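okay, predicted coordinates and the sequence, questions at the end:
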Amino acid sequence: MNFELLVSGLDVKPLLDALEAKPELWKQNTLRQEYPTSCHGDTENIFLRGPKTLTHNDYFFDLGAFDYPAMDKLLDPVLGLMRPVFDRLKIAELGRMIIVKLKPHGVVGTHIDEGMYADHYSRFHICLQAEEGSTLTAYNESKHFSSGEAWWFNHKSVHFATNDSDVPRIHIIFDAVSPLYSMKDLLESNAQRQAIAQTLGMGKVFER
């Protein structure tokens, strides 16, 4: 299983209103979508928490996470939205947090999140805005996240996202250490699945 619904019915309106009132936040940091090998070229991003520096080494290997200036500007609506999710997860350690807008009919290319950082933290999404046709696919499993839903998903799988709709898809993506979602178990499960696929001559499992 690559997805699990955590919470539904979250009130996303205060944060959407705050984002509409501060459109300049989407332009403050464009490194993620403009990096030469990035698969996120169809996105705009607001970094709320991130590595100490946005260097290649820190991005993949630094386990630390620090508040960025945008967090101060969106703190109240972000915390108001996320508190029920944090309570559900019993978070031991909070990692990075980013708001991602995927443009209409845009894609996030096929990839696996790699490095020490991605092996340490579990990955969660909260959907702020999405229409039918917006999906996230991991291995051969696809899900549509509806507004107000929070999900865990297997970021150590081969995955990609599509937005086959006429409105932007907006998610908060955050990482956390939670006793409910063991990264050790996830990595072992993925390794076993990959070994079976290679035995069957399938190569990398379900790669697009």
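Ah, there it is.

pLDDT of the helix or strand harbouring residue 124, averaged?
Secondary-structure assignment from DSSP states H and E places residue 124 in strand 122-129. Throughout strand 122-129, pLDDT has a mean value of 98.

so what touches it?
When contacts are defined by CB atoms under 8 Å, 6 or more residues apart in numbering, strand 122-129 is touched by residues 6, 10, 12, 15-16, 19, 81-82, 85, 89, 99, 113, 136, 145-155, 167-178, 181, 183, 186. From N, CA and C alone the C-beta is placed, and that goes for glycine too.

in helices, which of those residues appear?
15, 16, 19, 81, 82, 85, 89, 183, 186 (DSSP state H).

what sits against the fourth one?
Residue 81 sits next to 10, 11, 12, 14, 15, 126, 172 when contact means CB under 8 Å, 6+ apart.

now the fifth one
When contacts are counted by CB under 8 Å, 6+ apart, residue 82 touches 126, 172, 174.

if you set the cut-off to 7 Å instead, what comes out?
Contacts for residue 82 (CB atoms under 7 Å, 6 or more residues apart in numbering) come out as residue 126.

how much space is there between it and residue 32?
21 Å (CB to CB, to the nearest Å).

over to the last one?
Distance, residue 186 to residue 32, by CB to CB: 24 Å.

grab the most central residue of the protein for me.
Among the residues of the chain, residue 173 comes closest to the average C-alpha position under CA atoms, centre = their mean, at 3.4 Å.

correct me if wrong: it contacts residue 101.
No - contact criterion CB atoms under 7 Å: residue 173 and residue 101 do not qualify, at 11.3 Å.

contacts only, for the closest residue to residue 62 other than its chain neighbours.
Of all residues not flanking residue 62 in the chain, residue 51 sits nearest, at 4.8 Å (CB to CB, 6 or more residues apart in numbering). Residues near residue 51 by CB under 7 Å, 6+ apart: 58, 59, 62, 64.

assumed the first one was part of a helix.
If I follow you right, that is residue 58. Yes - counting by DSSP: H, G, I helix; E, B strand; the rest coil, residue 58 falls inside a helix.

my read is that it contacts residue 50, right?
No - with contacts counted by CB under 7 Å, residue 58 stays clear of residue 50, the gap being 8.7 Å.

neighbours of the closest residue to residue 17 other than its chain neighbours, just the number please.
Distances taken as CB to CB, 6+ apart put residue 77 closest to residue 17, at 7.6 Å, once the chain neighbours are dropped. For residue 77, the neighbour count with other CB atoms under 10 Å is 18.

in which helix or strand would I find residue 77?
Using DSSP H and E, the element containing residue 77 is helix 69-89.

all good on my end, thank you.
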